[in-house]
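# pasting a predicted model and its sequence here:
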Amino acid sequence: MTDESKRNQVLKDLSSHLGLGVKNIALLDRALTHASVYAETQGPRCDYESLEFLGDAVLGLAVAHYLYEHVPDRTPGEYSRMRAGIVNRRSLARLARELGIAPAIRLGKGEEMAGGRERMALVADCLEAILGALYIDQGWEKAREYIAKVFQPGIERESASDRMWDYKSRLQNYCQAERIPLPEFEVVSSEGPDHRKKFEVEVRIKGKPVGRGRGSTKKEAEQNAARAALEHEGQLPAQA
């Protein structure tokens, strides 16, 4: 069996293991080929970087679509924060390792000796490149369904974390525990056109200002003000 035949078999096995159903194995090969391979040869460059760029966009849209459908009535800021928690480098690298894609990545000798196969950013990029290849090969619906399936544990973790993010409720619970009046929230300013308005909210405890927050909706501004108040009261570490 030639090296090319062995490589194709590795990729077919991986596609089957991951449940990708990719028909164009050359696309999958490209998604799992690092630029260092071509830095050491005279051949035309055909690495994962352009597919990774595409896969990043596909992943972001698919996760946004899922959150919009399954976690309704959140602000754009809340959705963005949740999506960032799901698709950050660390989460992608962890999932890539769970899926077992690292052994199939083609590296140049120098990158291999430098431990590139263990680099978080590299395996995360390859996972995004695979998603880009899946999108080209199978289309949007298949890519969206696949992302919803394999990212489900991460989405559930982030959703659970999000439920703990309700700073306004936490501040109210704090006041009740301390036997003091519930906090009062007041919009102190709003600016910008209706479709891009920004609100600033101040929260007071026992009549004294203890935090301010800004947001694209009153709800988001109140949450940010409540977080600032919890920091002021020593109930949360201050944000960096």
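Happy to help now that I have it.

# after the least confident helix or strand in the chain by mean pLDDT comes which helix or strand?
The least trusted helix or strand in the chain, going by mean pLDDT, DSSP states H and E, turns out to be helix 152-163, with a mean of 76. Of the helices and strands lying after helix 152-163 in sequence (DSSP states H and E), the nearest is helix 167-177.

# what segments of the chain are strands?
Here the chain has its strands, by DSSP state E, at 184-191, 198-205, 208-215.

# partner strands of the last one, parallel or antiparallel?
In this case it means strand 208-215. Paired strands of strand 208-215, with direction, are strand 198-205 (antiparallel) (DSSP bridges).

# what does the strand it pairs with contact?
The contact list for strand 198-205 (CB atoms under 8 Å, 6 or more residues apart in numbering) reads 171, 175, 180-181, 183-192, 209-218, 220-222, 224-226, 228-229, 233. Using the backbone N, CA and C atoms, a C-beta is placed for each residue, glycine as well.

# can you pull the buried residues of it?
F199, E200, V201, E202, V203, R204, I205 (16 or more other CB atoms under 10 Å).

# also stretch 79-90?
R81, M82, R83, G85, I86, V87.

# state which helix of this structure is the longest.
Ranked by number of residues, the top helix in the chain under DSSP state H is helix 49-70.

# pLDDT averaged over that helix, what's the number?
Regarding helix 49-70, the rounded mean pLDDT is 95.

# just the C-alphas of it, formatted as PDB.
The C-alpha trace of helix 49-70 is given here as PDB (Å, rounded to 0.1, in the frame of the first residue of the first chain):
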ATOM      1  CA  GLU A  49      -5.700  27.800   7.000                       C
ATOM      2  CA  SER A  50      -8.400  28.900   4.500                       C
ATOM      3  CA  LEU A  51     -10.700  26.100   5.600                       C
ATOM      4  CA  GLU A  52     -10.100  27.100   9.200                       C
ATOM      5  CA  PHE A  53     -11.200  30.700   8.300                       C
ATOM      6  CA  LEU A  54     -14.400  29.300   6.800                       C
ATOM      7  CA  GLY A  55     -15.100  26.800   9.500                       C
ATOM      8  CA  ASP A  56     -14.800  29.500  12.200                       C
ATOM      9  CA  ALA A  57     -17.600  31.400  10.500                       C
ATOM     10  CA  VAL A  58     -19.700  28.300  10.000                       C
ATOM     11  CA  LEU A  59     -19.200  27.300  13.700                       C
ATOM     12  CA  GLY A  60     -20.100  30.800  15.000                       C
ATOM     13  CA  LEU A  61     -23.300  31.000  12.900                       C
ATOM     14  CA  ALA A  62     -24.300  27.400  13.800                       C
ATOM     15  CA  VAL A  63     -23.900  28.100  17.500                       C
ATOM     16  CA  ALA A  64     -25.700  31.400  17.200                       C
ATOM     17  CA  HIS A  65     -28.600  29.700  15.400                       C
ATOM     18  CA  TYR A  66     -28.800  27.000  18.100                       C
ATOM     19  CA  LEU A  67     -28.800  29.500  21.000                       C
ATOM     20  CA  TYR A  68     -31.500  31.700  19.200                       C
ATOM     21  CA  GLU A  69     -33.700  28.600  18.900                       C
ATOM     22  CA  HIS A  70     -33.100  26.900  22.200                       C
END
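
# show the pLDDT at the residue lying closest to R45 once chain neighbours are set aside.
Excluding its sequence neighbours, the residue lying closest to R45 (CB to CB, 6 or more residues apart in numbering) is Y38, at 4.5 Å. Note on Y38: pLDDT of 81.

# repeat that for R170.
pLDDT at R170 comes out at 83.

# can you pull the contacts of it?
A226, L230, Q235 are the contacts of R170 under CB under 8 Å, 6+ apart.
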